[in-house]
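J.: got a structure for you, letters missing:
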C-alpha cells in the first residue's frame, strides 16, 4: 500500500523591478508549493494563483488540502485529471507527481514523457508597461535579445511600441494587451504594428468579448491566452485566433498541457509557451514543451530577485539546460 505525506507551502518572492501589466503592478509574487514524500523521496510542484481566474493563495491551498487523503493514499496523475478541475492547484500537484515518479523510478521526466531533456531554449524577455521613454530605456538594455515581449494597455500603444523598436531595432516584438483593448483599438493599431517589428498580438480583447475577432482582418496573427486553458476551449477559438498560449497554471499541469499541444497542432493552431510570474521551479515542467512552441515566454527567472536552489539560468534570451536537481531528475 502506497503511503505518502503531503506538505503545502506558501512563499513570497521579491522581484527585481516592478512588473506592470494592464491589470496593475506588483513588486513580489506569491507561490504555492506542493511536496509529496514517499519512501524518503520528495516530489515538488509550484503554482501561482491568479486573481483573473478567481484564484487566491487560500483558495488554491484549500483545493489541495481537499485531496490530502487521496494524495497520501497514492492518487495518480491520471486520476487527478478526472477529479480536479484545471487551474493552479492541479498544476502544483501534477508537477509534484511527475517529479516524485521520476525520483522514485530512476527515470527522469524526459524518459517518462518521451520528450527531450530541455536545453538551449530561446525565450522572450518581457518589458512591463511604463512611459514610452522608460520602455525605450529598458529595450536599449535588451537590444541583444532576438525577441522581446511588450506589455501594453489601451494607452499610448504605438508610442510605446515605437520607443521599444527604436531602442532595440534588431529585436522582433510580441505585444500582449492582456484583454485591455476593444475591437476598435485593435482595428486602429493592427496595421501600424508590423513596421515596428511586431510579429503577433496576444489576447487583445477580453475573453468574454472576443467574438468580434471573427470579423477582424488584420495582418498579424492573434494568439489566445485568457481565452484558452484546456483542450475543450479550442473549438470556441475557430475563426478568431491563429494560435494559443499554453500555461501550466491554466491547463492544470504538464499532463493536460501535453494533450492540449497535440490537439492544437492537429487543429493548425500555432503554439506559444507561457507561464505565470513564479520561480525556476514553476517553469521547469513547461520547459519540456519548448520544442513544440513557435514562441517561448519563460523569463521569470530573470525577473525575480530571489530564486530557487539550482535555478534556471537565462543569458541573452537563451535558457541553459534544466538542472535535474531542480525538478524532474531521477534518483539513482
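T.: Received it, and whenever you're ready, just let me know what you need. Remember, it's a predicted structure, so these values are computed and weren't measured experimentally.
J.: what about residue 154, is that helix, strand or coil?
T.: Three-state assignment for residue 154 (DSSP: H, G, I helix; E, B strand; the rest coil): coil.
J.: what does the one 5 residues further on give?
T.: Under the three-state scheme (three-state DSSP), residue 159 adopts helix.
J.: and it, how many residues sit next to it?
T.: Neighbour count for residue 159, taken as other CB atoms under 10 Å: 14. C-beta: built from backbone N, CA, C; applies to glycine.
J.: Apart from its neighbours in sequence, what residue is nearest it?
T.: residue 132 (4.4 Å; CB to CB, 6 or more residues apart in numbering).
J.: Please apply the same query to residue 56.
T.: residue 49 (5.5 Å).
J.: Which helix or strand contains that neighbour?
T.: Taking DSSP states H and E as the definition, one finds residue 49 inside no helix or strand.
J.: can you pull the contacts of the residue nearest to residue 159?
T.: 156, 159-160, 162-163 (CB atoms under 8 Å, 6 or more residues apart in numbering).
J.: ok, so of these, who is nearest residue 7?
T.: residue 160 (43.1 Å; CB to CB).
J.: In this structure that closest one contacts residue 135, no?
T.: Yes. With contacts counted by CB atoms under 8 Å, residue 160 reaches residue 135, the gap being 5.3 Å.
J.: Mutual contacts of these two, please.
T.: 129, 150.
J.: from the chain's centre, how far out does whatever helix or strand residue 31 lives in sit?
T.: Assigned by DSSP H and E, residue 31 belongs to strand 24-38. Its chain's C-alpha centre and that of strand 24-38 lie 14 Å apart, by CA atoms, centre = their mean, to the nearest Å.
J.: same question, stretch 133-142
T.: 23 Å.
J.: for stretch 173-182, same thing?
T.: 16 Å.
J.: still on that earlier bit, out of the contacts of residue 132, who's nearest residue 62?
T.: residue 160 (39.3 Å).
J.: Next up, the contacts around the closest one.
T.: Residue 160 sits in contact with 129, 132, 135, 150, 152, where contact means CB under 8 Å, 6+ apart.
J.: same deal with residue 17?
T.: 128, 303.
J.: Show the pLDDT at the residue nearest to residue 159.
T.: Per-residue pLDDT puts residue 132 at 98.
J.: separation between it and residue 192?
T.: 15 Å (CB to CB, to the nearest Å).
J.: do residue 317 as well
T.: For residue 317, the distance to residue 192 - CB to CB - is 26 Å.
J.: more crowded one of these two?
T.: residue 317 (20 against 13).
J.: Quick check: closest non-adjacent residue to residue 133.
T.: Closest to residue 133 by CB to CB, 6+ apart is residue 163, at 6.6 Å.
J.: How many neighbouring residues does the one you found have?
T.: 25.
J.: Just to be sure, it is in a strand?
T.: No. Using three-state DSSP, the secondary structure at residue 163 is helix, not a strand.
J.: Good, wrapping up.
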